[in-house]
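**Q** Can you look at this prediction? I've put the sequence above it.
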Amino acid sequence: MIDTLLSNVADLVNDKVIFITGGTGSFGNELTEVLLSKYQPRKIIIFSRDEFKQFTMKQKFPESKFPCMRYFVGDVRDYDRLLMATRGVDVLFHAAAMKQVDTIEYNPFEAIKTNINGTENVIKSAIFNKIPRVIGVSTDKCVSPVNLYGATKLCLEKLIIYGNMMSGKDGPIFSVLRYGNVFGSRGSVVPLFLKQKENGVITVTDEKMTRFTLTLRQAITFVLNSASIMKGGEVFVPKLPSYNIMQLAKCVDPTCQIKVIGKRPGEKVHEAMISSSESYRTKIMPDYYVVLPEIKVGTDYSMYGDKNMDDEVEYSSGNNELMKDEVLSVLIKNL
């Protein structure tokens, strides 16, 4: 589920219209790369508000070479624009969000407009235009959130799952993908450490800090696989390794001085991907978990079997298996 694309992904995307909000980000670029290289979508619509990023992405995926590509300037805050842009769409991946923890702490109103109000607009547009499948992209920071970013993603999850109630029996189905830090992605700690090592000093905020991680390609594989099997109402969570921040710093450069500078506003020591209050309704699959909804959406989830997590168990980066140093070093080298 994490490393290999399922055979039924082809049925999900071939000859289908795919719509990606926040499509010019790392997620959208990688998803587009996979769709174009392995499948035959009828159309891929990149929806984002940054015209320069769209210009850059057009150089990578020009419409002259990939006639299925479309680039729409728009903002998820703008319901009317979304309503027009999502006509005729078959699968919608909702990845648009403000994501920088520090920025959001100092610009809370803006984060709410994009991450919460924008998600509501996506849901309403999908229902109005009868988009069969909608997948919201979430984060481990939504579990017992201590920062506004996590809180807005918690709201995103609740809204997406509730979309199944709004759409009714024959309407679109909505599910969520929740995963940890994408290794080496824009804004993550790895590029920062690689830059800092040039000066011989790497700064960490807390020596005990741990994080879940996966590669961008693994994230895309997981998203496509989950979207291809979703019934509506699920939160899909991959089984991932963790790393310790000191371990990561030493793998970046064992000769560097490590300076502890203290936690940033809204930063956790450990992240969780399943909270202790969710575990009782979480199904265990071979390489992922499925958190079933609290609200009844009239869906048969028997395909996920009957193996449940124990009650009041937290799936945390702090009690999870750590990656081996050599695996971590290879990931750093391949960035």
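**A** Received the coordinates, thanks. Numbers count the residues shown, from 1 in each chain.

**Q** Find the residue closest to the residue of the chain lying at maximal distance from its centre in space, skipping its chain neighbours.
**A** Residue farthest from the centre of the chain, counting by CA atoms, centre = their mean, is residue 255 at 33.8 Å. Here the nearest residue to residue 255 in space, its sequence neighbours aside, is residue 200; by CB to CB, 6 or more residues apart in numbering that works out to 7.7 Å. All C-beta atoms are positioned from the backbone trio N, CA, C, and that covers glycine.

**Q** does that neighbour really touch residue 252, like I thought?
**A** No. Counting by CB atoms under 8 Å, residue 200 sits too far from residue 252 to count as a contact (11.8 Å).

**Q** which of those two has more neighbours?
**A** residue 252 (19 against 10; other CB atoms under 10 Å).

**Q** so what's the more buried one closest to, chain neighbours aside?
**A** Closest to residue 252 by CB to CB, 6+ apart is residue 193, at 4.4 Å.

**Q** State the mean pLDDT of the helix or strand harbouring the one you found.
**A** Using DSSP states H and E, residue 193 sits within helix 189-196. What helix 189-196 shows for mean pLDDT is 91.

**Q** Can you list the buried residues in that helix?
**A** Buried positions in helix 189-196, judged by neighbour count with 16 or more other CB atoms under 10 Å: 189-190, 193, 196.

**Q** counting contacts, what elements does that helix pack onto?
**A** Applying 3 or more CB pairs under 8 Å, 6 or more residues apart in numbering; DSSP states H and E, we find helix 189-196 packed against strand 201-204, helix 245-252.

**Q** Just want the angle from it to helix 245-252.
**A** Between helix 189-196 and helix 245-252, the angle comes out at 50 degrees (axes from the mean of the first three to the mean of the last three CA atoms, to 10 degrees).

**Q** CA atoms only: put helix 189-196 into CSV for me.
**A** Taking Å, rounded to 0.1, in the frame of the first residue of the first chain, the C-alpha atoms of helix 189-196 are listed here in CSV:
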residue,chain,number,x,y,z
VAL,A,189,13.9,20.1,8.6
VAL,A,190,16.2,18.1,6.3
PRO,A,191,16.9,20.9,3.7
LEU,A,192,17.6,23.2,6.7
PHE,A,193,20.1,20.8,8.2
LEU,A,194,21.8,20.3,4.9
LYS,A,195,22.2,24.1,4.6
GLN,A,196,23.4,24.5,8.2
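
**Q** Lowest-scoring secondary structure element of the protein by mean pLDDT?
**A** strand 181-182 (a mean of 88; mean pLDDT, DSSP states H and E).

**Q** Next, the buried residues of stretch 152-167.
**A** For stretch 152-167, by 16+ other CB under 10 Å, it's 152-164, 167.

**Q** Any stretches of the stretch 151-300 of the chain with poor pLDDT?
**A** 186-187 (pLDDT under 70).
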